[in-house]
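*Asks:* Quick one: sequence and predicted model below, then my questions.
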Protein chains: 2
Amino acid sequence: MKSREIHLTAYPKGEPTKDNFEMAEIDIREPGEGEVRVVNKWLSVDPYMRGRMSGIRTYIDPFALGAAMDGGAVGQVESSNHPDFAPGDWVMSMHGWREAYVTNGKGLQKLDTTHIAPEDYLGIAGLTGMTAYVGIKRCIDLKAGETLWMSAGAGAVGSAGIQFAKAMGCKVVATAGGPDKVDYCLSIGADAAVDYKATDNLAKSVREAIGGGVDGYFENVGGTHWTAAMEVLKPKGRIAACGMIQRYNDATAQPLPDNLANIVAKSLRIQGFIVSDHFDMMPDFIADLGQWMAAGKVRPRNTVKEGIANMPAAFLGLFRGENTGKMLVKL
Amino acid sequence: MKSREIHLTAYPKGEPTKDNFEMAEIDIREPGEGEVRVVNKWLSVDPYMRGRMSGIRTYIDPFALGAAMDGGAVGQVESSNHPDFAPGDWVMSMHGWREAYVTNGKGLQKLDTTHIAPEDYLGIAGLTGMTAYVGIKRCIDLKAGETLWMSAGAGAVGSAGIQFAKAMGCKVVATAGGPDKVDYCLSIGADAAVDYKATDNLAKSVREAIGGGVDGYFENVGGTHWTAAMEVLKPKGRIAACGMIQRYNDATAQPLPDNLANIVAKSLRIQGFIVSDHFDMMPDFIADLGQWMAAGKVRPRNTVKEGIANMPAAFLGLFRGENTGKMLVKL
C-alpha cells in the first residue's frame, strides 16, 4: 500500500509558508503479528503545532525535519493482526499528516461512532470539548439553573463550553473580543455576550448583561477578567482556571488590583486544571456529548478542506482566521 | 440566687478603660418548666468584642448600655426542669459577663469533658480551633507527610493549626511578625518559622526555611503573603483562605503583582471558607482533638485571670498583649 505524507523541510521564522512543507510517497507494509494497519480519514491542524516547528523543545518535542509530521488523526482499521482491533473499526491516533500507517496499537483509541461522527473526535468530542466538560462539570460543578460566565466564548474551548452549559439547563453569559465574536457566542446559544474590548468596567457590563451575579466562571484569560470575576461571582461561586492567556507573554508580573478578599468574604472556590489529569471523566463525557448531539443541543462547528495535499494550506489558514470552529482535512 | 454581672456604661472612643464598665448584682429566679439554671465557671474575652462596643451594627448587634454584656461562657447546670439537661452537666453558651443565668436551653451546648477541659471549649476546642481544623482537614485536605505553610502562626487560629498539622504527622513552616512570635511558633512545634517583617523576599525565605515547596497554605493574611504562596506551593497545592487581614482596612484595592497563572500552571486549588458553613465537622473535630490532647500532642495555651470583677481588666489586657494563647477568666 502506498501512503502520501507531509514533511517539514525547515524550521520557519515568523509565519510559516507552503515552502516549509513537502509531500512524499512511501510504501506501507502489511501488519505483522500484534500489529494493525490504519487508513486515515480525517486529519487535524492545530495552532499548537506552530510551537513544534520552532526546533526548540517546550513541553513537547519539535517536529523532525525531512520526516512525516504528526498530529491528531481519525481513520479506519484496514487489516489487523491485533486482538483488540478489527477491520472497519474507527480509531484515533497521533499519526496525522499521512494517509496510512502500521502500528502495534499503543496509543490507538477505538471510537464509538453511534452518536458522534468520527471527525468530531478531533474537535468537540476530543480534548477541546473534554477541557470544557472537565471545567464545567468537575471544577465548577455547575448545576442546572445556575449561571456560568464563559470567557473567550468564541474560542474552541469557550464555544464548546457555552453549548454544554446550555445543554445542562444553565444560563450563560459569554465574553469575547469584538462584535463578530459576540454575535458568534449568541448564535451558539449564549443568553448574553459582552465585548470586553468595548467596556471599561467589565464586571458591571457582565452583571448588566445577565442581570446579576454568576455561580461559575470559566477562566481562559486572566488579568482584568480575573479581577472582574472576583466581583461578579455570587457567594459560594466557583472558578475553573483553564488558561490565563492575557499574561502568557508578559516577561514580568504585571500589577493587578488586589480584590482577593472576595475569596474569603464569598467563600469562593478556585480550581486550576489540566485536562490530562481528568481522563477518568472520558466515558461520562462521551455519553453526555452523544446524548446532547443526538438531541441537537450541541452542534460541532468544523471548517473542512479536502485531500492530504491541502494539509499545509489548512494549517496556514488557522493564522488567517479561515476557520469557524475546528479546522479539519478530509481524506 | 444572687449573680453579679458586668454592664457597659458608655460606648468608648479609642481604647476602652475600666470606667466604661460597672458591676451589678441581681437576683436569679428558680428555673420554670422547660428551663435550666446555669452557674458560669469560665468566661471568654475576645478582641471582636471591641467592635460591639462601638454602638454601630456590623455583622453583629452592638452591646446594650446598662445591661449585662454577653460572650462565650462555660458553666455547670445547677438545677433543671429541661429534659436535655441535668444538674452537673457542663454547658457552653453566649451568656458571658455574668455569674449565673436561667435559659430555656436554646443555644446551650452540652460539653463532653472526657478528654477536653471545659474551659478549652472557649479556645482551642471552640471556634478558634474548629477554624484551623476545617481549613486544614477539609479545605486543604492535608495528608500525613505533606508540608503546610501556616500564616499568622502566632495567632489564635495559626497556633492551633500548627499543633494540629504536627499531630497529623505533617511538616509545618510558620510565618509571623517579629522574633518573639517566630520563637513562639517554634515552641509549639513548627519545624521552621520565618519573620515576614525581616525579609524582602518572603517566597525565598519560606522555601529556604522548610527546604522546598509546600503542599498547603493556610491564608490568614493576604496581599504579599498570597503572592509568595503562589510561588511556594507545589503542583496540586491547596490554599485554605480564612482571612486576608492585611487588606481589611484598605479603602481601595491595592495593586498586587499578577502571578495568578501559577493557579493554572500548577493546578492549584483555593477554597475560601467561613467556619459556620462547616459545623458538620464538629464531631470529627472534637474526637480528633480529644485524642491529640490525651496523647499530649496538642496543648491549650490559656492566660487566666480570676473572678468576675476582673473581666474588664482581662478584656483590656488583650490590647496590651498580656495574653499568650487564649485569655480566660475563671469564676
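*Replies:* The structure has been received and is ready for your questions.
*Asks:* what does chain A put close to chain B?
*Replies:* With C-beta under 8 Å from any C-beta of the partner chain as the criterion, chain A meets chain B at residues A:219, A:222-223, A:226, A:241-244, A:247-248, A:253-274, A:277. The C-beta positions use only the backbone N, C-alpha and C, and glycine is treated the same way.
*Asks:* Okay, and which of the residues you listed map to helices?
*Replies:* Counted as lying in helices by DSSP state H, out of the residues of chain A next to chain B, are A:226, A:261-265.
*Asks:* Can you pull out the low-pLDDT segments for the stretch 151-300 of chain A?
*Replies:* A:245-253 (pLDDT under 70).
*Asks:* Would you tell me what the next helix or strand after the helix or strand hosting A:Met23 is?
*Replies:* Using DSSP states H and E, the element containing A:Met23 is strand A:21-27. On the C-terminal side of strand A:21-27, the nearest following helix or strand under DSSP H and E is strand A:36-44.
*Asks:* Which among the residues of chain A next to chain B count as buried?
*Replies:* Neighbour-count burial within those applies to A:219, A:222-223, A:226, A:241-244, A:247, A:254, A:256, A:258-273; the criterion is 16 or more other C-beta atoms under 10 Å in any protein chain shown.
*Asks:* Can you report how many residues lie near whichever residue of the stretch 51-200 of chain A sits closest to chain B?
*Replies:* Residue nearest to chain B within the stretch 51-200 of chain A: A:Cys139 (8.9 Å; C-beta to the nearest C-beta). Around A:Cys139 there are 24 other residues, counting by other C-beta atoms under 10 Å in any protein chain shown.
*Asks:* now the one 10 residues further on
*Replies:* In terms of burial, A:Trp149 registers 31 neighbours under the definition other C-beta under 10 Å.
*Asks:* Quick check: what element follows the helix or strand where it lies along the chain?
*Replies:* Here A:Trp149, judged by DSSP H and E, is contained in strand A:147-150. Sequence-wise, the next helix or strand downstream of strand A:147-150 (DSSP H and E) is helix A:156-167.
*Asks:* Could you list the residues in contact with the helix or strand that that following helix is followed by?
*Replies:* Moving toward the C-terminus from helix A:156-167, the next helix or strand (DSSP H and E) is strand A:171-176. With C-beta atoms under 8 Å, 6 or more residues apart in numbering or on different chains as the test, strand A:171-176 has contacts from A:145-155, A:158, A:162, A:165-166, A:182, A:184-186, A:189-196, A:202, A:206, A:209-210, A:214, A:221, A:225.
*Asks:* What spatial separation is found between the residue lying closest to A:Gly177 once chain neighbours are set aside and A:Thr175?
*Replies:* For A:Gly177, ignoring the flanking residues on the chain, the nearest one in space by C-beta to C-beta, 6 or more residues apart in numbering or on different chains is A:Lys197 at 5.0 Å. Shown here: A:Lys197 relative to A:Thr175, a distance of 10 Å by C-beta to C-beta, to the nearest Å.
*Asks:* out of the two, which sits in the more crowded spot?
*Replies:* A:Thr175 (31 against 12).
*Asks:* Excluding chain neighbours, what is closest to the most centrally placed residue in chain A?
*Replies:* For chain A, A:Thr128 is the residue whose C-alpha lies nearest the centre (C-alpha atoms, centre = their mean; 2.4 Å). Distances taken as C-beta to C-beta, 6+ apart put A:Ala156 closest to A:Thr128, at 4.6 Å, once the chain neighbours are dropped.
*Asks:* Quick check, that neighbour in contact with A:Asn323.
*Replies:* No. Counting by C-beta atoms under 8 Å, A:Ala156 sits too far from A:Asn323 to count as a contact (9.5 Å).
*Asks:* So for those two, which residue has more residues nearby?
*Replies:* Comparing A:Ala156 with A:Asn323 by other C-beta under 10 Å, the one with more neighbours is A:Ala156, at 23 against 18.
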